[in-house]
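Q: Need a 3D model of the sequence below.
(3 chains)
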Amino acid sequence: MQFDWMKIPYALLTLFIVVNFGMILTALVAKIAARVGRRRGIRIWQNYADLFKNYGLRSSITHGAMFYLGPVFRLTGGIGLLLFVPTIYGSYVFSNLSFAGDLILALYFIFFGTLGMALGAAESGHPHAAIGVSRGLSQVTTAELPLALAVFSVALQYHTLSVTAIVAAQQGGIEHWTLFTNPFAVAAAMLAFLGSMMRPPFDVVSAPQEIPIGPPTEYHSSYLAMMQTNRAIFPIAKIVVYMNLFFGGAASWPVFCLKVFLIYMVSVFIGVVFPRFRVEQSIRWFLIWALPLGVLAIVLV
Amino acid sequence: MKEELLKRTVKGPDGVEFEVEPLRDYYCEAAPTVMPGAYIKIVEDLFNWARAESLWILGFGTGCGAIEMRPLMTPRFDAYRYGIQWRPTPRQANLLVISGYLSVKTLKRAIRAYEQMQNPKYVVGLGSCTINGGMYWDSYNTIKRLDQYLPVDLYITGCMPRPEALLAGFDDLKNLIRAGQAEGANQYAENFDWYKANQKQVIHDWDMPDYNW
Amino acid sequence: MMRELHERLKCLFPLGELTEQRRGPPNELAFVSLPGAYLRPALLHLRDLEGFTHLVLLTAVDWLEEGQFQLTYLLSNRTQARDIGLRVFLPRDGATMASIHDLWPTAATYQRELREMFGIDFPDSPGVNDDFILEGWIDMPPYRRDFDTKRFAAENFSQRPGRTTTDPEQHMKAKLYPGEN
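A: I've put the predicted structure just below:
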């Protein structure tokens, strides 16, 4: 098999665009959420200042090797998810490193970061980190179940594990989207989406008020900056997967921006309206409401 | 010193005896060092700009002045729009606001919190109690001059200063940081012995290492 | 109402005069003193038979000139909205009082505070010798009136030079009636 080396710089270009898009989009979303609370909200470039500040801190301390690797794993999860899924359908430059079985890899990468965080945070030895990680892992696991079922349902529906092929099958009009051809899978996946976006009602993991910020309690300076970078990339990367699987993909950057923004806004709308769930409540909620939808999607396909 | 902080031999659940010395186990004793800024001026300027625009305050209210910091987070004053936000852990914060009087007992905690923050870090003394003791000038358990114990970058006067005064003070602090004059962490490292001597003069039951990380 | 209670109690305990601070009903408040040896039976009687189930506070007053500490046990009867304070006087030197932490568990905290701030000992009260507010205190208990807080502050803490104080009376006189000095 011939590997096209030009794909690597092109993939890095995608990464660059997505990082900046993610930084501005998360600031915009924070601003929208602030306006709902009648605040003015942060400045649109605030994320850049925070990021530079954290990279620019002069000292940092470590708790051991896994403490280093935690943020690295987390960032790897975000970047990997982005790089192995085609960003723009039909574009050679922005198809990234996608290959025939990339759907399975994407599922793996969504979970990868959380696991890495668990190892790193545990090494820090801070009790709040341990509480946060146990909450986070149990919630993400239950949120992942309906997503996995929905993804399998879609894979069964199109008889492929390639994201590109799934996007290709959805072209030719809005009625070809998975959203309309397999609504139960999309519903299950969207409920799972809420659970992994770190917004209310499912943000008790990082809970800034009750347990001081959960898993990243001990992380600072460059470690924290890496996690902030990931926080810009990861939601976008995940939304790209959702967009490709369920909402017909995007054939150009303007369409990409619009669709990503709208999908992100789903979680924002729900987040500003509903108060926060506790972990056992959210687990029960996922198992009662989202999981049956996923099973139904599999059965119906 | 408390009994649980003493060096002792412990028998584990598997029958192995080992020695525990909590003060050495929990803390790092290496003294702080002076850390110069980036060599290239434009990089340091960029970092200083970022530091000024992203002030993360440690959510640690030491006295009654903390009540004036709460409105800053809420929609009325909304400090977040200036890049000022509160972090619950000293590791991520770079600004310690000593909000009002500081009793000797709290001073001990404030020192530990300050030392766990990462360089560069800033200290703002809020209210007249931090300047000359304020109305607690003859109290038996509050310190009278904050700058004897921690390197203070800025004082905000008043008893209490209103949130508007705090916002103006943070604005001044931003100008100091942008000009590269807020080097409190390095001052602390340079005059480490002097600060420690002052701290130990008022904290009579010193039961921690000289430097906590 | 309070007087009736006082009459009834007087048959049982050697009580002093009743000082009524607030007449009711409701919201009555009165104080009465009694010897320390009768405190415990009096508290039990009030708690179990007269409905004073709540220990509002336990505090001390330093009567330096008389060489005495006064302990005040303030009890509340919630249903009748009445408060009664029992006062006990102890000698100031080597002040010791019997603990009542078994009647109200919260009393242990008050007794710990009194031990630290006034130096009044309550043997058998749990944790009475632990640090309460002060850590590493080196002088005499600071709430005793012969403790000179100003001198202690001047000796222990470095003061910022240049601080001036004004006597409020003279200041207001000069401000309101200039030229009358």
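Q: how about the helices of the chain, start to end?
A: The chain I'm using is chain A. All helices of chain A, identified by DSSP state H, fall at A:7-36, A:46-56, A:65-83, A:102-124, A:127-158, A:163-169, A:178-181, A:183-196, A:221-246, A:253-273, A:279-285, A:291-300.
Q: you looked at the wrong chain, it should be chain C
A: Residue ranges of the helices in chain C, as given by DSSP H, are C:2-10, C:39-48, C:107-117, C:149-156, C:168-176.
Q: and these, which is most packed in?
A: helix C:107-117 (a mean of 21; mean count of other CB atoms under 10 Å in any protein chain shown). C-beta coordinates here come from the backbone N, C-alpha and C atoms, glycine included.
Q: who's in contact with whichever residue of chain C sits closest to chain B?
A: At 2.8 Å from chain B, residue C:136 is the closest residue in chain C, using CB to the nearest CB. Residues near residue C:136 by CB atoms under 8 Å, 6 or more residues apart in numbering or on different chains: B:104, B:203-206.
Q: Kindly give a single PyMOL line that selects the buried subset of those.
A: Selection of buried members from these for PyMOL, criterion 16 or more other CB atoms under 10 Å in any protein chain shown:
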select buried, chain B and resi 104+203+205
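Q: Tell me the confidence at residue A:266?
A: Residue A:266 is assigned a pLDDT of 91 by the prediction.
Q: Kindly apply the preceding question to residue C:108 instead.
A: Per-residue confidence (pLDDT) for residue C:108: 94.
Q: can you check residue A:212 too?
A: For residue A:212, the pLDDT comes out at 56.
Q: for the one 4 residues further on, same thing?
A: What the model reports for residue A:216 is a pLDDT of 80.
Q: so it makes contact with residue A:225?
A: No: the pair residue A:216 / residue A:225 is not scored as a contact, 11.3 Å apart, by CB atoms under 8 Å.
Q: Those two - which one has more neighbours?
A: A direct count of neighbours by other CB atoms under 10 Å in any protein chain shown for residue A:216 and residue A:225 places residue A:216 higher, at 27 against 20.
Q: Surely residue C:34 touches residue C:89?
A: No: using CB under 8 Å as the test, residue C:34 is too far from residue C:89 to be in contact (9.5 Å).
Q: average pLDDT for stretch C:17-33?
A: Throughout stretch C:17-33, pLDDT has a mean value of 87.
Q: ok, now stretch B:189-205?
A: Averaged over stretch B:189-205, pLDDT sits at 92.
Q: which non-adjacent residue is nearest residue 96?
A: With no chain named, the answer covers chain A. Once flanking residues are discounted, residue A:96 sits nearest to residue A:11: 4.8 Å by CB to CB, 6 or more residues apart in numbering or on different chains.
Q: think we crossed wires, I meant chain C
A: Residue C:96's closest residue in space is residue C:121 (CB to CB, 6+ apart), at 4.7 Å.
Q: Return the residues in contact with that neighbour.
A: Taking CB under 8 Å, 6+ apart, we find residue C:121 in contact with C:94-97, C:115, C:128.
Q: I'd like the distance between it and residue B:76.
A: 50 Å (CB to CB, to the nearest Å).
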